[in-house]
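Chemist: give me the fold of what follows.
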Amino acid sequence: MLGHLSFGVHDLVRAAAFYDAILAPLGFVRVWTSPHAVGFGPPGGGDKLALFSRPGEVIAPGPGFHLAFDAPSREAVDRFHAAALAEGATDEGKPGVRLHYSSTYYAAFVRDIDGYKLEAVNQQPLLNSE
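Modeler: Here you go, the predicted structure:
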């Protein structure tokens, strides 16, 4: 449904490094860079998330807003969460099953360095061997 989403960030260099680190476990990469912005998406594809330098102007959306990234596995959710915390994010919900959504909804939540709430989620059922 969405073509892409854009965020304003205080420090583009720091935010770009943050997103490089947290999106890598999910299979996303930086797909373009300009002096005042960066874009992230699938390798070889267009951007799905763009960050624009807006020092002193950033106000993260309030309660009720968050951006959820699809994760290819539960392990990718775990790696997203660990990378985000290592890069300065605030924990907003450790990796785990969210039974109030469904028995297959495995997610983690963080608040990024500019205050945006982010989620990584995998909704694939576990195989019998897992």
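
Chemist: partners of the strand ranked longest in the chain, with directions?
Modeler: Identified as the longest strand of the chain according to DSSP state E is strand 90-97. In the sheet, strand 90-97 lines up against strand 106-111 (antiparallel) (DSSP bridges).

Chemist: got the contact list for the strand it pairs with?
Modeler: With contact meaning C-beta atoms under 8 Å, 6 or more residues apart in numbering, strand 106-111 is reached by 22, 66, 68, 74, 77-78, 80-81, 84-85, 89-98, 101, 117-123. Glycine gets a C-beta too; all of them are placed from N, C-alpha and C.

Chemist: also stretch 88-101?
Modeler: 18, 22, 74, 77-78, 81, 85, 103-113, 117-119.

Chemist: low-confidence ranges, the protein, go.
Modeler: For the chain, the stretches with pLDDT under 70 are 128-130.

Chemist: can you show me the strands along it?
Modeler: Counting by DSSP E, the strands of the chain are 5-9, 29-34, 37-41, 49-53, 67-70, 90-97, 106-111, 117-122.

Chemist: from the contacts of stretch 88-101, which would you call buried?
Modeler: Among the contacts of stretch 88-101, those buried by neighbour count (16 or more other C-beta atoms under 10 Å) are 18, 22, 74, 77-78, 81, 106-113, 117-119.
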